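Enquirer: What follows is a predicted structure for the sequence shown.
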Amino acid sequence: MDGVGVVDEAGRLRLLGAAVAGAAFGGVLAVLLASSWTAATIGLLVGVGVPAGAVGAGIGVWSQLRSWRTAGGYEQSVRAQRWVADGAVPPGVPAETWVPLLQAQADREGAGWSKIVLCVLWSLMTWSAEPQHGPVLTVLLVGLWVGIGAWSALWVIPRARAARAVLRRGVTTVP
């Protein structure tokens with residue numbers, strides 16, 4: 001975890017969540033693609049879905065660690081998130097510290113909206129392929145897309161907007 005720093009229990013839970021989401025995404029997507037060429041069977045789920053889920057879990061953890069690294073480490077990421085939750089930056093924190101951290105949080109709004117648009121398109125495409133893939137796989141995949149979109153709508157975008165609001169208000173950095 002070079003460049004990330006010490007990760008507390010909340011961070012470990014976020015890594016676990018990233019692994020589970022990545023595994024679900026990888027497994028369901030691989031089975032969906034493979035079932036385009038062959039019938040969706042238990043063998044397909046185990047032979048293709050499980051390895052793809054393991055790869056997806058690894059990618060999920062890697063992307064979370066990368067996100068922390070680009071934010072200056074886990075501790076810096078947590079600091080910025082705390083400031084967003086509090087709606088203010090504590091006095092005494094220099095602008096060269098808090099502005100880039102909060103700007104990085106605010107810049108996530110565009111990614112959140114992109115995920116929502118993609119989730120709508122993917123849900124429609126998945127639903128249209130229901131006769132080919134069957135109802136179970138279709139419902140699982142649509143649930144995955146809706147979950148990603150809901151996460152963006154209910155967590156990513158509001159937090160990005162809150163970070164932008166803190167940036168607009170500014171802070172007095174002189175004690």
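Expert: Thanks, I have the structure now.
Enquirer: For the chain, which segments count as strands?
Expert: In the chain, no segments count as strands under DSSP state E.
Enquirer: where does it dip in pLDDT?
Expert: Low-confidence segments of the chain, defined by pLDDT under 70, span residues 1-5, 40, 171-175.
Enquirer: got the residue ranges for the helices in it?
Expert: Ranges of helices in the chain, per DSSP state H, are 9-34, 42-44, 50-70, 74-86, 95-106, 108-128, 130-133, 135-151, 157-169.
Enquirer: Any chance of TSV for the ones you listed, columns mean neighbour count?
Expert: For every residue, glycine as well, the C-beta is placed using N, CA and C. Conversion of these to TSV gives the following (neighbours: other CB atoms under 10 Å):
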stretch	mean neighbour count
helix 9-34	18
helix 42-44	12
helix 50-70	17
helix 74-86	18
helix 95-106	17
helix 108-128	15
helix 130-133	13
helix 135-151	17
helix 157-169	17
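Enquirer: where does residue 91 fall, phi/psi-wise?
Expert: phi -60, psi 150 (degrees, to the nearest 10).
Enquirer: Please report how far it lies from residue 131.
Expert: Between residue 91 and residue 131 the distance, using CB to CB, to the nearest Å, works out to 62 Å.
Enquirer: repeat for residue 112
Expert: Separation of residue 112 from residue 131 (CB to CB): 32 Å.
Enquirer: Quick one: neighbours of the closest residue to residue 83 other than its chain neighbours, just the number.
Expert: Using CB to CB, 6 or more residues apart in numbering and skipping residues adjacent in sequence, the residue nearest residue 83 is residue 89, 4.9 Å away. Residue crowding around residue 89 was assessed by other CB atoms under 10 Å; the count is 26.
Enquirer: For residue 89, which residues are in contact?
Expert: Contact partners of residue 89, counting by CB atoms under 8 Å, 6 or more residues apart in numbering, are 83, 98, 102, 166, 171.
Enquirer: which phi and psi does residue 88 have?
Expert: Summarising the backbone geometry of residue 88 under the convention degrees, to the nearest 10, its torsions are phi -160, psi 160.
Enquirer: Thanks a lot, see you next time.
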